[in-house]
Each structure stands twice: as structure tokens, then as C-alpha cells.
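1. Using only what follows, build the 3D model:
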Amino acid sequence: VEYFFSVISTITNSLLLFLIIRASQPTLGAYKYLLAIFATYDLFLTSQHILVDPKVHNFGSVFTIYSARYPDDPIPVAIYCAFFTVPFALTNINFLYRFWAVKSPEKLEKFRDSLFAFVLALYPIGEWVMW
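-> Prediction:
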């Protein structure tokens, strides 16, 4: 089932990227880049899921995760779990964009600024590094 959904995820996210690149309207503006980042990162998470092959086991009230592919090495699982913090940070950036689109549309121009984009990129990267 996991591999089936990995294939479905790869197909749908690739299709989404294709549509963003080829068929997005100019009215989407910088928002299409945020959508493309989500789709690209989902493809990355799918590849990591296939690579690490995580398995879950419960011991009473203790929840554990281990790698079926690397059962004696805790590092791949730690990195895999840290990768899941990034979509939460991306969602916060998405909410900021939508909030500004409603309350202060003039601020959306900041999303086109390279320095602002760099600072925004540091947020999910920083979360990942902290994990």
C-alpha cells in the first residue's frame, strides 16, 4: 500500500508541477512559486519515504519509528522525521501570503523580492536544522 501511494504521490505532484509551469495564469503571481515548492517538497518526501522505508511500532504508550532498510542506524530515521517539520513552516508562509492577499495586498510585492524570499527560505531550513 505504501509503494502504491508513493507512486500516486509522484504522479500527482509531477502533474501539479507540470500544470504550474505550463498552464498557470499570470494572476497567480508569486503564489505559483509557493505551490511549486510544496509540490517539489512532496516529491522529495516521497523519495525519502521510499529510501528510508519507515516502520512504526508501539510498545504500550510508547510510539517508535525505525527504518526497515537501515534497522541498526538511527540517523536516517532522525533525518526523515526532521524533514516532516518543513511542510509546517511552508504552511505558515502560505498563511502569511493569504493573510496579506486579503488584508494588505500591497505587501505581496515582498514575495517577489530576492532577499525576502531568502529570509523566508531560512525559516523552514532552520526548523529542519533544529530538529
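
2. what about Glu2, distance to Ser9?
-> 10 Å (CB to CB, to the nearest Å). Where you see a C-beta, it was placed from the backbone N, CA and C, and this is true even at glycine.

3. which of those two has more neighbours?
-> Legend: neighbour count by other CB atoms under 10 Å for Glu2 and Ser9, higher for Ser9 (17 against 11).

4. Need the per-residue pLDDT for the residue lying closest to the more buried one once chain neighbours are set aside.
-> With CB to CB, 6 or more residues apart in numbering as the criterion, Ser9 has its nearest non-adjacent residue at 4.5 Å, and that residue is Thr46. On pLDDT, Thr46 comes in at 94.

5. mind starting the numbering at 22 from now?
-> Renumbered: residue one is now 22, and that last one reads Thr67.

6. Correct me if wrong: Thr67 contacts Ser27.
-> Yes: in this structure, Thr67 is within contact of Ser27 by CB atoms under 8 Å, at 5.2 Å.

7. Name the SS class of Lys76, please.
-> What DSSP: H, G, I helix; E, B strand; the rest coil gives for Lys76 is strand.

8. Pull the number of nearby residues for it.
-> 14.

9. Please name the residues that touch the nearest residue to it once chain neighbours are set aside.
-> Among residues not flanking Lys76 along the chain, Ala89 sits closest, at 5.0 Å (CB to CB, 6+ apart). By CB atoms under 8 Å, 6 or more residues apart in numbering, Ala89 lies in contact with 74-76.
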